[in-house]
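Enquirer: Okay, here's the prediction I keep looking at, along with the sequence it came from:
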Amino acid sequence: MSTAHIVWLAFSALLTLIWLRRHGDITHAHTTIPELGGDDPTPPESDSPRVSIIIAAKDEESGVEECIRSLLAQKYDNLEIIVVNDRSEDRTGEILSALEREVRNSDTSTGRLRVKTITELPPGWFGKTHAVQCGADDATGDYLLFTDADCVFTSQNAVGVAVQYARKHKIDLLSVIPHVLVTCNAEAVIQPVASAVLMLWHHPHSVNDPDRKVAYANGAFMLFAKSAYERIGGHHSVKNFLCEDMHLARTIKTSNLRLFVTQNRDLYHTTMYHNLHQTCRGWTRIFQGGLHSKLRILLATLVLVVFSLGPWMLLVAAAIGAFRTGFAWPHNAILVASAAAAAAQQSVTLRLYPVMRRPANQSWLYPIGAVLTTAILINAMLKSFGIGQTHWQGTTYLGSDLAPDRT
């Protein structure tokens, strides 16, 4: 047996052990990361702090009405909803005005909804950060809940459950991970792999440990104690960041405030992308801002290639070698070892996909998703070096510092 064959066998065995170890990680995450649901405790009506829900809406005509109606249906009386219409060019403003009139004329929801319109983006700001900061400036709540216009709150107790949990555990920023509704085949293939890559660097167990520097938050649901939000400077402190949620989480942790992330059983869901182009563009932005540095993007790419694509590349090469030699020794042993590595990976993805609320039979698409996610990471790397442009919410951003192109 040659040295190359020994190395091949050893590497296949290593990949097998690493993937089998991931079963323990899944079990540990399932048993230790909290999950909030609509049947969890809510604060008594007599002791409900005021909550301001703040939403930035730019060209969101397709989903903003469903979002707002789901918030108006919340069984939490001490609540205000502030929607900022940010330079929309579609029917968003018209829809919001109609909803505001409807609420104003309602006996049950009086004063719950306010719409604020923005017509210009000041220098030095990105669109969403400016919009939500304008909403926060008008907020009267003790807690500020930032969510997105494509989110739908499926439980009428969602706000109350989150507030009760944050108060009980003295959390300054509570982020509830969304249930993502997949609406296209491209997202079904890419989303689980891309999410796994992001969680590899921002595991909730590490995020929730105050002694660790790891920080993560999802902008679809960020519940701030207002005092903590003001202490870190609000969105002023992240006014020129695309992934402002991640940077707010880092600022909370570096300010010695309590950051906590939970799973979401049935509180709300969101829709992210609708085609391959949107999915690739969106995840490029997330990796670029969420992984925070060129080195992390490079390491994430290498890890994905070696550990996710590696078993399958080894298996294909081993099968070709074994076939050409009539399955003679040591090629038959190499084929078995390579197949074991691929099988170990598949056994993990069979468990992982249901955790991510994806059908287990879609786990066979993981290698394809790994190829596409690798391409997205490479694109994010190029953009982090200033090669190319980042397009988001109707604005083009140029260069490694993501300066907005106002032309």
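Expert: Received, thanks. Numbering: from 1, shown residues only.
Enquirer: Which positions within the lengthiest helix in the chain qualify as buried?
Expert: Secondary structure of the chain read by DSSP state H shows that its longest helix is helix 3-32. Buried residues in helix 3-32, counting neighbours by 16 or more other CB atoms under 10 Å, are found at 8-9, 11-12, 15-16, 18-20, 22, 29. Quick note: C-beta positions are derived from backbone N, CA and C, even for glycine.
Enquirer: from these, which is closest to Asn332?
Expert: Top of the list for closeness to Asn332, among the buried residues of helix 3-32 and by CB to CB, is Leu9 at 11.6 Å.
Enquirer: where along the stretch 201-350 of the chain do the helices fall?
Expert: Chain-ordered helices for the stretch 201-350 of the chain, with DSSP state H, counting those that start in this stretch as the definition, fall at 204-207, 226-231, 244-254, 276-290, 294-303, 310-324, 331-355.
Enquirer: most tightly surrounded among those helices?
Expert: Most buried of these by mean neighbour count (mean count of other CB atoms under 10 Å) is helix 244-254; its value is a mean of 22.
Enquirer: And the average pLDDT for that helix is what?
Expert: Confidence for helix 244-254, expressed as mean pLDDT, is 95.
Enquirer: can you give me the angle it makes with helix 276-290?
Expert: Here helix 244-254 points in a direction 20 degrees away from that of helix 276-290 (axes from the mean of the first three to the mean of the last three CA atoms, to 10 degrees).
Enquirer: circling back to that earlier point, now the longest helix of the chain against helix 331-355, angle please.
Expert: Angle, helix 3-32 to helix 331-355, by the same axes, to 10 degrees: 20 degrees.
Enquirer: other SSEs contacting helix 3-32?
Expert: With contacts defined as 3 or more CB pairs under 8 Å, 6 or more residues apart in numbering; DSSP states H and E, the secondary structure elements packing on helix 3-32 are helix 204-207, helix 310-324, helix 331-355.
Enquirer: would you turn those into JSON lines with mean pLDDT and distance to Gly233?
Expert: JSON lines is the format used below for the helices and strands packed on helix 3-32 (pLDDT from 0 to 100; distance: least, CB to CB, whole Å):
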{"stretch": "helix 204-207", "mean pLDDT": "91", "distance to Gly233": "21"}
{"stretch": "helix 310-324", "mean pLDDT": "96", "distance to Gly233": "44"}
{"stretch": "helix 331-355", "mean pLDDT": "96", "distance to Gly233": "36"}
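Enquirer: Would you mind giving those helices as a markdown table with distance to Glu100 added?
Expert: Written out in a markdown table, the entries for the helices and strands packed on helix 3-32 read as follows (distance: least, CB to CB, whole Å):
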| stretch | distance to Glu100 |
| --- | --- |
| helix 204-207 | 37 |
| helix 310-324 | 54 |
| helix 331-355 | 40 |
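Enquirer: Go through those and name the closest to Asp172.
Expert: For the helices and strands packed on helix 3-32, the distance to Asp172 is smallest for helix 204-207, at 13.3 Å, taking CB to CB.
Enquirer: Alpha carbons of the closest one, as PDB, please.
Expert: Extracted as PDB, the C-alpha positions of helix 204-207 are listed here (Å, rounded to 0.1, in the frame of the first residue of the first chain):
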ATOM      1  CA  PRO A 204     -26.600  29.700  19.900                       C
ATOM      2  CA  HIS A 205     -25.000  27.900  22.800                       C
ATOM      3  CA  SER A 206     -21.900  30.100  22.500                       C
ATOM      4  CA  VAL A 207     -23.900  33.200  21.800                       C
END
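Enquirer: Run through the stretch 51-200 of the chain and note the low-pLDDT ranges.
Expert: Residues of the stretch 51-200 of the chain that meet the criterion pLDDT under 70 lie in 107-110.
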